[in-house]
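**Q** show me the folded form of this:
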Amino acid sequence: MKLARTRSTAAATTVVLAVLALATACNRDSADSGASGGKPAIGIDLPRSDTDFWNSYAQYLKKDIKSQGVNALPLSNSQNDVTKLVSNVQVFQNTKAKAIVMAPQDTGAIASTLDSLSAARIPVVSVDTRPDKGEVYMVVRADNRAYGTRACEFLGERLGGKGKVAELQGALDSINGRDRSEAFAQCMKEKYPKIKVFELPTDWKGDVASAKLQSLLAQHPDLNGIYMQAGGAFLQPTLALLEQKGLLKPAGEKGHIAIVSNDGIPQEFDAIRKGHIDATVSQPADLYAKYALFYAQAAAEGKTFEPGPTDHDSTIVKIPNGLEDQLPAPLVTKDNVDDKTLWGNSIGQ
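**A** From the prediction side, this is the model:
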């Protein structure tokens, strides 16, 4: 910019200071790093707020943003709507995000958005869900096929290899729903062929799960096992329905329906202690938040990772569209339900 000649030193000083202030403001707006201690800005979208698991994840995220000193842009919530997720991502791009954390619930419909972010050189960390297509910097997730296999083996042994089991499936357009369902079906077919499995797709909706389970119980009152793929969505409506029908018998009592779940929320732990359900696989909501932020900051700083074991008891594996850090997810039963290291026993503390 060419400055006009001034008639006084004071006037010249004023103009120079104004230009310096303008330059500083422009640099702050366009800099590669955000205002929080010079750290790059991170965009974070919460996937939904209708389950206890994802609400717990949100709590951990907000706590870790402060403790890790993350320069987070205002958090958005796509409320299980891929259209809102796409819109929220656009806002992050417009506000100079250098990396984005998301948890797309429809893992097929997000591909074009991931392609756009890749073209813009904005890395993406996907939490809990693995997009079907589109480049990701890192997926922070547990082994969801192991969830289905563990649930199968637990119920198979508990039922002595025979009986009838209702499987409350998640959304089958989600990689998590597919992984858990496919692994559960494969395990039951190979190891427990005398157990009849009734697959009930629910789209992760508790009311749908309850309605389908009620219809199934009317046809098969001798049902003796239930696999809930998401305790955060299915626990309360399932237990309410069983209690209404006089079927909520404690573990060890005649007529008890063996139930295994996925999530590891405090409510599931309480249900295990009461004998209402028998087990759950603890999805690490605390580690999801911690390492989502860790990888997002690393991505924004240009760091890279390789497949192999990590220093936090997990394994990074190569996937077709990036890398995935498979975090540990322990089985919780009455034997270890009071373990203080489980996030479900420490959330809110």
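**Q** contacts only, for the spatially closest residue to Ile347 that is not a sequence neighbour.
**A** Nearest non-adjacent residue to Ile347, counting by Cβ to Cβ, 6 or more residues apart in numbering: Ser56, 5.3 Å away. Every residue, glycine included, has its C-beta placed from N, CA and C. With contact taken as Cβ atoms under 8 Å, 6 or more residues apart in numbering, Ser56 is in contact with Ile265, Ala285, Trp343, Ile347.
**Q** Ser56 looks like it's in a helix, true?
**A** Yes - counting by DSSP: H, G, I helix; E, B strand; the rest coil, Ser56 is part of a helix.
**Q** measure it to Ser49 for me?
**A** According to Cβ to Cβ, to the nearest Å, Ser56 and Ser49 sit 11 Å apart.
**Q** cool, and Gly246?
**A** Counting by Cβ to Cβ, the gap from Gly246 to Ser49 is 33 Å.
**Q** just give me the neighbour total for Glu157.
**A** 12 (other Cβ atoms under 10 Å).
**Q** go on, Ala299?
**A** 24.
**Q** hmm, back to that, and which of the contacts of Ser56 is nearest Pro40?
**A** Taking Cβ to Cβ as the measure, Pro40 lies nearest Ala285 of the contacts of Ser56, at 24.7 Å.
**Q** residue contacts, that closest one?
**A** Taking Cβ under 8 Å, 6+ apart, we find Ala285 in contact with Phe53, Ser56, Tyr57, Tyr60, Gly264, Trp343, Ile347.
**Q** want to throw those into TSV with pLDDT?
**A** Output for the contacts of Ala285, formatted as TSV (pLDDT from 0 to 100):
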residue	pLDDT
Phe53	92
Ser56	93
Tyr57	96
Tyr60	96
Gly264	96
Trp343	94
Ile347	82
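**Q** what is the nearest of those residues to Val125?
**A** For the contacts of Ala285, the nearest to Val125 is Tyr57 (13.3 Å; Cβ to Cβ).
**Q** distance check, that closest one against Lys133.
**A** To Lys133, Tyr57 is 24 Å away according to Cβ to Cβ.
**Q** next: Gly108.
**A** Relative to Lys133, and taking Cβ to Cβ, Gly108 is found at 7 Å.
**Q** ok, now Ala329?
**A** In terms of Cβ to Cβ, Ala329 sits 25 Å off from Lys133.
**Q** who's more crowded, these two?
**A** Ala329 (23 against 14).
**Q** how about the secondary structure of the more buried one?
**A** coil.
**Q** in terms of pLDDT, where does it sit?
**A** Among the per-residue scores, Ala329 holds a pLDDT of 92.
**Q** go on, Asn27?
**A** 32.
**Q** now stretch 250-265, how far from the centre of its chain.
**A** Distance of stretch 250-265 from its chain centroid, counting by Cα atoms, centre = their mean, to the nearest Å, is 24 Å.
**Q** for stretch 171-181, same thing?
**A** 13 Å.
**Q** what lies in contact with it?
**A** Identification of contacts with stretch 171-181 by Cβ under 8 Å, 6+ apart yields 105-109, 128-132, 144-145, 147-148, 151, 167, 169-170, 199, 201-204, 229, 262.
**Q** alright, calling it a day.
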